[in-house]
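**Q** Have a look at this prediction, sequence included:
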Amino acid sequence: MYRNPDYKFIDFKIFLSYIGLMLLGLYAIYVVEYEPKTTFSFYSEFGKQILFHFISLTIGGLILLLDGKFLMRLSYLIYAFSIFLLISVLIFGETKHGARSWFDFGVFGFQPAEFAKFGTVLAICKYLSKFDVNLSKKRDLLNILLFITTPVFLIFLQPDMGSCLVFSFLIIPLFREGLNKWIPIMLFGLLCLFIITILFSFKYTVLIITFSTLILIFYNKKSVKKSISILILSSLFSFCFQHTFENFLKPHQQTRINVLLGKNISKAERYNLDQSLIGIGSGGFVGKGFLQGTQTKGDYIPEQSTDFIFCAIGEEFGFLGSLITIILFVFFMIRIIIISERQRSKFSRIFGYSFLGIFFSHFSINIGMILGLFPVVGIPLPFVSYGGTALISMTIFLFFFLKLDSYRMEILK
């Protein structure tokens, strides 16, 4: 069960970038929370985040000491336990921000959705690493989709739309392992159909689709049956999109999407986005300097230590500091790709690209929603935003990936 890691094979470049992001996060949280004449306390967000990092590093160290092969054999068991936690939180969980997604233990909280990401990735890796599994087979593809959609459905019931979106980025490892290229294209088409439906309503969307279909038939009369099939399916999906948007999404979730699309919104509904853009823009090229951020100190930006933590970096460090931060994130993701591609084990390679998908989803969604390119869905910036569960989850991903990489000279089964 225990095996000392071969530290000379551990990639210290990605580890050092992790340390850099961790320190940047602590700095940003300190800036957001700072008040004159206040003393350090472990009850403050800054103090708690230090404890969270200590716990994360401790868990990471234990992962390096454990036998990675033993953890691989527990993949399905860990996945089953994560599903159990998702079911339990729907019954016994605490409601925060309109979602029953937390276990409240008084001193700290625990969000099972974060653990479910790790469990789902392990299950996918375990299944896809079998020698007779191929994503071109419908049965194997359906099994993988079942692994992913089961936790997504349970998280949707909470509801936590942000975490649901994160799981969609697991298409990255599937695409790397041979997923048909038309599937991502189809998903992109459905996204475009969703946007058109929300902007113009179902009936106008059907008119647009019908007009496009008639043009296609006019220029290619041999594709009549295929064109009509696409028309029917697109209309059905459009109806489902509008019905889901109007009847299943809560008002604040509808507002966030409308803000992104610029549809029928007031200044009050744009407040969060406007304040975040003002904060980042006010930093200029080199920033206002240490503790000089007026938007940050004036508490104009809500949830700034979590969802909008990047605003503090942009205001204090300006465009230059923001660019360096993004470069650090990009370097981290490039190292994930490099490490993944050098693996001899299929399990390790799939885990690496799955980690990339999860990490990239958090990074792109968080930065995107701050800049108004994505709706505000409550996704933290990896290793930077305040919060224990997300930090520990992402640290487990990293250290288990480093553990697998230490075995790269072997063929793991």
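**A** Here it is on my side, so go on.

**Q** is it true that Ile392 touches Ser56?
**A** Yes: the criterion here is Cβ atoms under 8 Å, and Ile392 meets it with Ser56 at 5.0 Å. Just so you know, the C-beta spots here come from the backbone N, C-alpha and C atoms, and that holds for glycine as well.

**Q** So which residues of the stretch 251-400 of the chain form helices?
**A** Along the stretch 251-400 of the chain, the segments classed as helices by DSSP state H, counting those that start in this stretch run 251-261, 271-282, 294-297, 309-341, 346-370, 388-405.

**Q** With mean neighbour count, distance to Thr197 and mean pLDDT as new columns, can those helices be given to me in a markdown table?
**A** Formatted as a markdown table, the helices of the stretch 251-400 of the chain follow (neighbours: other Cβ atoms under 10 Å; distance: least, Cβ to Cβ, whole Å; pLDDT from 0 to 100):
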| stretch | mean neighbour count | distance to Thr197 | mean pLDDT |
| --- | --- | --- | --- |
| helix 251-261 | 17 | 11 | 72 |
| helix 271-282 | 19 | 22 | 79 |
| helix 294-297 | 20 | 35 | 72 |
| helix 309-341 | 19 | 31 | 92 |
| helix 346-370 | 23 | 21 | 93 |
| helix 388-405 | 22 | 32 | 93 |
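
**Q** Which residue, other than its chain neighbours, is closest to Met394?
**A** The shortest distance from Met394 to any non-neighbouring residue, by Cβ to Cβ, 6 or more residues apart in numbering, is to Pro382 (5.1 Å).

**Q** ok, now Phe290?
**A** Of all residues not flanking Phe290 in the chain, Glu316 sits nearest, at 6.6 Å (Cβ to Cβ, 6+ apart).

**Q** correct me, but the one you found touches Gln295?
**A** No: the criterion here is Cβ under 8 Å, and Glu316 misses it with Gln295 at 10.2 Å.

**Q** still on that earlier bit, what's the residue nearest to Met394 sitting at in phi/psi?
**A** According to degrees, to the nearest 10, the main-chain angles of Pro382 amount to phi -50, psi 130.

**Q** Need the per-residue pLDDT for it.
**A** Pro382 is assigned 94 on the pLDDT scale.

**Q** got a list of what it touches?
**A** Leu21, Phe329, Phe359, His362, Phe363, Ala390, Met394 (Cβ atoms under 8 Å, 6 or more residues apart in numbering).

**Q** buried stuff in the lengthiest strand in the chain?
**A** Using DSSP state E, we find that the single longest strand of the chain is strand 99-104. By neighbour count on 16 or more other Cβ atoms under 10 Å, the buried set for strand 99-104 is Ala99, Arg100, Ser101, Trp102, Phe103.

**Q** likewise stretch 103-116?
**A** Applying 16+ other Cβ under 10 Å to stretch 103-116 flags Phe103, Gly109, Phe110, Gln111, Pro112, Ala113, Glu114, Phe115, Ala116 as buried.

**Q** so can I have CSV of the residues you listed showing distance to Phe153?
**A** Below are the buried residues of stretch 103-116 laid out as CSV (distance: Cβ to Cβ, whole Å):
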residue, distance to Phe153
Phe103, 19
Gly109, 23
Phe110, 20
Gln111, 17
Pro112, 14
Ala113, 12
Glu114, 17
Phe115, 17
Ala116, 11
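
**Q** Quick check: the farthest pair among the residues you listed?
**A** Gly109 and Ala116 (15.5 Å; Cβ to Cβ).

**Q** now the strands for the stretch 1-150 of the chain?
**A** Here the stretch 1-150 of the chain has its strands, by DSSP state E, counting those that start in this stretch, at 94-96, 99-104, 109-110.

**Q** Pull the residues that contact the first one.
**A** By Cβ under 8 Å, 6+ apart, the surrounding residues in contact with strand 94-96 are Arg100, Trp102, Phe103, Asp104, Gly109.

**Q** I'd like those residues as JSON lines, with distance to Gln304 and pLDDT appended.
**A** What follows is the contacts of strand 94-96, written out as JSON lines (distance: Cβ to Cβ, whole Å; pLDDT from 0 to 100):
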{"residue": "Arg100", "distance to Gln304": "25", "pLDDT": "85"}
{"residue": "Trp102", "distance to Gln304": "20", "pLDDT": "84"}
{"residue": "Phe103", "distance to Gln304": "25", "pLDDT": "85"}
{"residue": "Asp104", "distance to Gln304": "23", "pLDDT": "79"}
{"residue": "Gly109", "distance to Gln304": "19", "pLDDT": "78"}
